[in-house]
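**Student:** Need a 3D model of the following:
(one chain, ligands or ions: 2)
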Amino acid sequence: MKLQGPISHPCVDDGKKEEGIQSSEISPAPVRIVVGYALTSKKTKSFLQPKLIRLARNKGIEFVAIDLKRPLSEQGPFNIILHKLAGKEWSEVIEDYQRTHSEVTVLDPPNAIQQLRNRQSMLEVVADLKFPDNYGKVCIPKQLVISKDPTSVPDEVTKAGLRVPLVVKPLVVDGSAKSHELFLAYDQFSLSGLEAPIILQEFINHGGVLFKVFIIGESIKVVRRRSLPDLTKNELSKMSGVFHFPRVSCAAASVDCDDLDPSVSELPPHHLLEVLARELHHRLVQKFVGTPTIQSRCDS
Ligand SMILES: Nc1ncnc2c1ncn2[C@@H]1O[C@H](COP(=O)(O)OP(=O)(O)OP(=O)(O)O)[C@@H](O)[C@H]1O
Ligand SMILES: O=P(O)(O)O[C@H]1[C@H](O)[C@@H](O)[C@H](OP(=O)(O)O)[C@@H](OP(=O)(O)O)[C@H]1O
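**Tutor:** Ligands and ions are numbered 1, 2, ... in the order given. Here you go, the predicted structure:
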C-alpha cells in the first residue's frame, strides 16, 4: 500500500517494554490499516504520542498526516480518517469525501458529532435517558443559554428560576482554549460583562471529585479527577462577583483515593456505567446508522 504523507512524528524508542506488547510483536507488523489524521497541532502532540504510534505500528496500524493544502481524495488510500478540526469548510471536505469514499470509516462524521459541539445540546441527550430504577439516577443541572446581549442576564436568570452560584461556560465546544473556559458566578448581576454565547448552569455540590468516563466500544475506563470544591451556605453569603477558574479537572488533577472522603471517592457502579454507555451509544450513534462512533465521553 502506498503512503503519501509520511507520519510527522519520529518513533522514539524509550527502551521500555509496553504493557500488552509481546516480544513477538516488537518488529512492526505489515501495514494493514492506514489512518489519515487531521488534528490541531495541540491534539497531535497530546494524542499521537510515540508510545501510541509504536503500539499501533506493532499491530499493523499506520498514522499518516493529512495535508490540508491538498485535495483529500488525492491522498491516501486510507482505511480510516480521524479528524478533530472545527469549521464549516472542513466539515464539507469530509462530507464530500465520504460521498465518494464510502469504504473509508470517518471518525466521526461531522453530522454525528454536531450535537456534542454545543454544551446545551450535548446534555439534552443525557436528560432524556431512561434508567431502570435500581440503576441509580443520571441528572443534568438546570441550565440557561445566553445567546447575545449579556446585559439581560440578571433578568433572564431570575425568569428561568436559576439559583446562584452559577457555573458559566462558553456554549460552543470546539477544542479551542476559549471553549474550555470556566467561571463561577456568585451573583447574577456580575454576569453582564461576559462574552456571549455562554451557558449558565446551577452549581451542584459534588464533593470536589469528578469521574471522567471514557468509553470505546465495549471498553469502559473511569478516572478520578479533582473538581470545584463544595460551597457552603456560609461561604456563599459572603461571596459576590464572577471568578475565572483554570482547567480544574485536567489530567494533572488526578486524585488518589487515599486523599478523599470514602463517601465521595467510590467509583460509580460499573453496571450504571454500562447502561449509560449503552444508552448514550443508542441515542448518539443509532441516529446515524452506518456511521460508527468509537468514542463517547461522559463527565459526571
Ligand atoms: N454544574 C456544575 N456544578 C459544579 N461544578 C461543575 C458544574 N459543571 C462543571 N463543573 C466543574 O467545572 C469543570 C469544567 O466543566 P465542563 O463542563 O467545562 O467540563 P469539560 O468540558 O469536561 O471540561 P474541559 O473543558 O476541561 O474538558 C468540571 O471539571 C467540574 O469540576
Ligand atoms: O486530558 P483529559 O482530562 O481527558 O481532558 C481532555 C479534555 O476532556 C478534552 O476536551 C480535550 O480535548 P479538546 O481540547 O480537543 O476538547 C483534551 O485536550 P488534549 O487532547 O489536547 O489534551 C483534554 O484536555
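
**Student:** what's around the closest residue to ligand 2 within the chain, how many residues?
**Tutor:** Residue nearest to ligand 2 within the chain: G175 (3.1 Å; Cβ to the nearest ligand atom). Where you see a C-beta, it was placed from the backbone N, CA and C, and this is true even at glycine. Look at G175: counted by other Cβ atoms under 10 Å, it has 15 neighbours.

**Student:** and it, which of the three is it?
**Tutor:** coil (DSSP: H, G, I helix; E, B strand; the rest coil).

**Student:** so what's the backbone phi/psi at it?
**Tutor:** Main-chain torsions, G175, degrees, to the nearest 10: phi 80, psi -10.

**Student:** all helices for the protein, in order.
**Tutor:** 41-47, 50-58, 88-100, 110-113, 119-127, 153-160, 233-238, 262-265, 270-285 (DSSP state H).

**Student:** what about dumping the CA coordinates of the first one to CSV?
**Tutor:** Translated: helix 41-47. Output in CSV follows, covering the C-alpha atoms of helix 41-47 (Å, rounded to 0.1, in the frame of the first residue of the first chain):
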residue,chain,number,x,y,z
SER,A,41,-1.0,20.7,16.5
LYS,A,42,-2.1,20.6,20.2
LYS,A,43,-4.1,17.5,19.6
THR,A,44,-1.4,15.8,17.5
LYS,A,45,1.0,16.4,20.4
SER,A,46,-1.3,15.1,23.1
PHE,A,47,-2.8,12.2,21.2
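
**Student:** What parts of the stretch 151-300 of the chain come near ligand 2?
**Tutor:** 175, 212, 250-251 (Cβ under 6 Å from any ligand atom).

**Student:** swap the cut-off to 8 Å and go again
**Tutor:** Contact residues (Cβ under 8 Å from any ligand atom) of the stretch 151-300 of the chain with ligand 2: 173-177, 179-180, 212, 214, 223, 225, 247, 249-251, 297, 299.

**Student:** Which ChimeraX command selects the buried ones in those?
**Tutor:** With 16 or more other Cβ atoms under 10 Å as the criterion, this ChimeraX line picks the buried residues out of these:
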select :173,212,225,249
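
**Student:** Check the residues of the stretch 151-300 of the chain next to ligand 2 one by one and keep those near ligand 1.
**Tutor:** 173, 179-180, 212, 225, 247, 249-250, 297, 299.

**Student:** do you know how far L231 is from ligand 1?
**Tutor:** The spacing between L231 and ligand 1, counted by Cβ to the nearest ligand atom, to the nearest Å, is 9 Å.

**Student:** Could I get the contacting residues of that residue?
**Tutor:** Residues in contact with L231 (Cβ atoms under 8 Å, 6 or more residues apart in numbering) are 165, 203, 205.

**Student:** So for the first one, what pLDDT did the model give?
**Tutor:** The reference is to P165. Looking at P165, its pLDDT is 96.

**Student:** do the last one as well
**Tutor:** For N205, the pLDDT comes out at 95.

**Student:** I figured it hits D230, correct?
**Tutor:** Yes - taking Cβ atoms under 8 Å as the definition, N205 is a contact partner of D230 at 4.1 Å.

**Student:** out of the two, which sits in the busier spot?
**Tutor:** Remark: of N205 and D230, D230 carries more neighbours, 13 against 10, as counted by other Cβ under 10 Å.

**Student:** Was I right to think that one contacts G208?
**Tutor:** Yes - D230 lies in contact with G208 (Cβ under 8 Å); the separation is 6.1 Å.

**Student:** any idea how far T158 is from V125?
**Tutor:** 28 Å (Cβ to Cβ, to the nearest Å).
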